[in-house]
Structure formats: C-alpha cells, structure tokens
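In: quick one, structure for this:
(one chain, ligands or ions: 1)
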Amino acid sequence: WDVSVWDLRSDTVTKPCDEMRRAMAEAVVGDDVYEEDPTVRELEALGARLLGKEAALFVASGTMGNLIALLTHCGRGQGAVVGARSHIYNYEGGGMAALGGVMPLVVDDGTGLPSTEDLLGACRDASNVHFVEARLLCLENTHNASGGRAASPEAMEPLCALAREKGLSVHLDGARVFNAAVALGVDACRYGALVDSVQICLSKGLGAPVGSLLCGDGTFVREARKWRKRLGGGMRQAGVLAAAGLVALRSRIDRLAEDHEKARRLSLLLRREGLDLLDIPDATNMIYFRLPRGTEPHRFVDLCRNEGVLVGFPARDLVRLVTHLDLPEEAVDDVARSLVKAVRAL
Ligand SMILES: Cc1ncc(COP(=O)(O)O)c(CN[C@H](C(=O)O)[C@H](C)O)c1O
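Out: As a prediction, this is how the structure comes out:
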C-alpha cells in the first residue's frame, strides 16, 4: 500500500475498484428518463429486493434521495419530524425548506433515535390554526452524529408504530443502513418493513463512486421519479454508474464487518494511549474523540496531515475518524501511531 496519506475523513472517500471500473466500462445502457437503461433497472430492482420494498429509484446522492423523499411525502407548510442532530436537518442545505416549504419539527435524537414522547409532542393538533401538521417522521440509521451508532429494528419499531398511529409516513435515512444490519446481524429487509421509504448510499462504505437508491412502494417511487425529474435529476445512460452500484450491492455489504473491526481495533489502540474517545453503543465504522480544551481544530488537522492522516471535524473540539474499504487492516497501527503523535504535539 504505497499511500502517502490515509484518509479517515469519511467513508464517502472510497474509490471504485477495478471490478467496478470494468463493470462501468462494459455496462449495457439506455435512456433512463425513458426508463430504458437495463443496468439502472437491474440496480433499482436489487436495491428494492434487499430492503424488502416494491421499487427503488437511482439518484445522484444521499442528499438527493432524502430531499426527494421529503418532497414526495410532504406538501408546502406541512411538517417533517427530524432529529436535532440528523444529517437531513444539519447537512443538507435546508433543502426541505428551500425547495419544499417543508417545516422541520425538531426533536432530540441524542441517542440516535428520538423518544416516542418527543415524537408525540411533535404531532400537534392540525385542526388548530396555530399548529403545523406533521406528515413525516425521518429517522437515521446508523446515526452519524451519535458516532455511527446502529439501531435495531426493535428500537425503531415503537417510533414507527406511533408515527403510523398518528397518520405520519416514515422515511429512513439509511445512508449506512447496511452498516447497521451487518453490525447487529439483522436482515436489512427488517428495516425496510418498518418504514415507507428508505434511502441507501452506494457511495459510502459500499464503495461505489456515485449514487443512492430511494426505495418504497410503487406509488411512492413513481411520484419520487417525478420529483427527481423536477430537480433535474433525470439521467440518461446512467447504467455506467449503476453498474458500480450493482457490484457494491452484490459483493460489498458483508465486508462492512471488516470496517467495523478496523474501527474497534483503532479505538483500542487510541484508548490505550489515553485519547479521550467517546463511548459509542452499537458502534460501526466511526470513532469520535475529544481534543484538549482550546485546541485549534485546523492546527490538529495540519498536525495529522503532516503525520499522514486526514481526519474530520464535526464539532469544535471533536474529531471524527471513519474506517472504510480503502483503509487496509495493516494500516490501522500506523494510523494510531500518527494520531497519537499529533495529539502529543499539540
Ligand atoms: C447519515 C447521512 N445521510 C445522508 C448523507 C448524504 O449523502 P451524500 O449526499 O453525501 O451522498 C450523509 C453524508 N455524510 C457525509 C459524511 O458523513 O462524511 C457528510 C457529513 O455529508 C450521511 O452521513
């Protein structure tokens, strides 16, 4: 592995392998706006099957998949219940408001999932002219800001049942749902069965260069396809990209356990050297650790880069490390040594 720098900023940095590049070059393609690209159709069918949904739509990114779900489920002035620390609420440019006029109804998701009490509190009496009508509950699994924490289907079930009882649809931001499924040893279908729509990323731990799938029932996906077109997301010969996604879904799901093992081992090594790691229940491929108070983030990032490691900074004194398939197991010890050296140099 002749790599000068190990990139642990995110699992979004994974690059397509030779197998994907061959599949991309050889992909049979057609015009996907006419729904005639056979490789896109095959990818959508496989994604839907893996999540136990009727249909799926290939989209350019996880953000686009989540946005299309919000626009399909909610009308202008209606509310989507979102976690205060969720990606949808914090890192998608406010698309739900900017493009959909959808009102975020923010609840605490400190443990990765909101409580049923907070969900109930967000579902206010829509007949009262003062209140926003909640139409959608958005969940995130694994939960990024909680450290890539995986939630079990059992943990999600009461929220989904209450949402249904209150007449809300449920969307799962499943950018890393396969990390959750693999970490907890459950079939991803069990998550799909709990929700009305689920967005899965092909371009993170699964290693495809581009894209996500938005899965749901046929009616939902037909409406979502219309929203994708309105957003300019209708793609022509996208089978070139979908071919990589097929390799990802066919052969990169189970190996996510390797990324989780790398994160476990790296955590052990960093803890042993006294770094202040956050305890993450049901951890997957992420590590968060605190820096000494008052550390200038950019100084630490530079120190790490000088030691050959790129790190992420989700909050002022919090460092995030994400393991992935482009970080080999044998590099973990080097990464640990480099990070400890950078902390010691602060
Ligand atoms: C839970 C979740 N849902 C959606 C997305 C958006 O996916 P993309 O739009 O980047 O494909 C992300 C990306 N997360 C990225 C990362 O973790 O490095 C950054 C923060 O945007 C995500 O973590």
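In: okay, now the residue of the chain found nearest the ligand: neighbour count?
Out: The ligand sits closest to residue 62 of the chain, with a gap of 2.6 Å, by Cβ to the nearest ligand atom. Yep, even glycine has a C-beta here, placed from its N, CA and C like the rest. If you count neighbours by other Cβ atoms under 10 Å, residue 62 ends up with 27.
In: how about the lengthiest helix in the chain against the ligand, any contact?
Out: Looking across the chain with DSSP state H, the single longest helix is helix 256-272. No. On the criterion Cβ under 6 Å from any ligand atom, helix 256-272 is out of touch with the ligand, staying 13.4 Å away.
In: ok, now which ones touch residue 191?
Out: 51, 141, 153, 156, 172, 174, 177, 180, 181, 198 (Cβ atoms under 8 Å, 6 or more residues apart in numbering).
In: what subset of those is also close to the ligand?
Out: Taking Cβ under 6 Å from any ligand atom as the test, the ligand is in contact with none of those.
In: between these, which is closest to residue 334?
Out: Distances from residue 334 to these, taken as Cβ to Cβ, are shortest for residue 180 (28.5 Å).
In: look up the closest residue to the closest one, ignoring the ones flanking it.
Out: Leaving aside its chain neighbours, residue 180 sits nearest to residue 150 (3.8 Å; criterion: Cβ to Cβ, 6 or more residues apart in numbering).
In: re the thing from before, for the contacts of residue 191, which one is nearest residue 275?
Out: Comparing the contacts of residue 191 against residue 275 with Cβ to Cβ places residue 180 closest, at 25.5 Å.
In: what residues does the helix or strand of the chain with the lowest mean pLDDT touch?
Out: Within the chain, no helix or strand scores below strand 312-315, which has a mean of 83 by mean pLDDT, DSSP states H and E. With contact meaning Cβ under 8 Å, 6+ apart, strand 312-315 is reached by 8, 9, 10, 145, 288, 297, 301, 319, 320, 321, 322.
In: hmm, which of the residues you listed are the buried ones?
Out: When the contacts of strand 312-315 are checked for burial by 16 or more other Cβ atoms under 10 Å, the buried set is 8, 9, 10, 145, 288, 301, 319, 320, 321, 322.
In: no further questions, thank you.
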